[in-house]
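> Okay, sequence plus prediction incoming.
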Amino acid sequence: MGLFRIVAFLEGFSWITLLFFAVPMKYIWNVELYVQKIGMAHGALFIVYIVLAFFLQLKINWSRNHLLIILIGSIVPFGFLYVDKKCLKNKT
């Protein structure tokens, strides 16, 4: 669970960085480098997040609703904070 929480935070911060830093850099100042680098890191972290979520569902026997909330939390900006507080914290 500890690894999943770390990956969740990294994935969430990469998503926020991509949305609020890299994309404006690309479309306002025409600097595409940040979207390429941060986007690739975010994509890799997103895949690891999803794989770990399904693995933990099997290992810990999460309900489908619990898994669905965790998966939606990876898409919504700042959703990783809600997921950590409501779904992951104190559930070792």
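Sure thing, it's come through. Numbers count the residues shown, from 1 in each chain.
> ok, now how distant is the most centrally placed residue in the chain from L3?
Nearest to the centroid of the C-alpha atoms of the chain, with distances taken as C-alpha atoms, centre = their mean, sits E11, at 3.5 Å. Separation of E11 from L3 (C-beta to C-beta, to the nearest Å): 12 Å. Heads up, the C-betas are built off the backbone N, CA and C, glycines and all.
> got it, and L10?
From L10 across to L3, the span is 11 Å (C-beta to C-beta).
> neighbour-wise, which of those two wins?
Just comparing L10 and L3: by other C-beta atoms under 10 Å the higher neighbour count belongs to L10, 17 against 10.
> which SSE is the more buried one in?
Using DSSP states H and E, L10 sits within helix 2-17.
> Summarise which helices and strands that helix is packed against.
With contacts taken as 3 or more C-beta pairs under 8 Å, 6 or more residues apart in numbering; DSSP states H and E, helix 2-17 sits against helix 33-60, helix 79-83.
> Now tabulate these in a markdown table and tack on distance to L18.
Shown next, in a markdown table, are these (distance: least, C-beta to C-beta, whole Å):
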| stretch | distance to L18 |
| --- | --- |
| helix 33-60 | 5 |
| helix 79-83 | 13 |
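> highest average neighbour count across the ones you listed?
Comparing the helices and strands packed on helix 2-17 by mean neighbour count (mean count of other C-beta atoms under 10 Å), helix 79-83 comes out on top with a mean of 20.
> chain center to it, what's the gap?
How far helix 79-83 lies from its chain's middle: 9 Å, per C-alpha atoms, centre = their mean, to the nearest Å.
> repeat for stretch 66-80
Relative to the centre of its chain, stretch 66-80 is centred 8 Å away, using C-alpha atoms, centre = their mean.
> For that stretch, buried residues please.
For stretch 66-80, a neighbour-count test (16 or more other C-beta atoms under 10 Å) marks H66, L67, I69, I70, L71, G73, S74, G79, F80 as buried.
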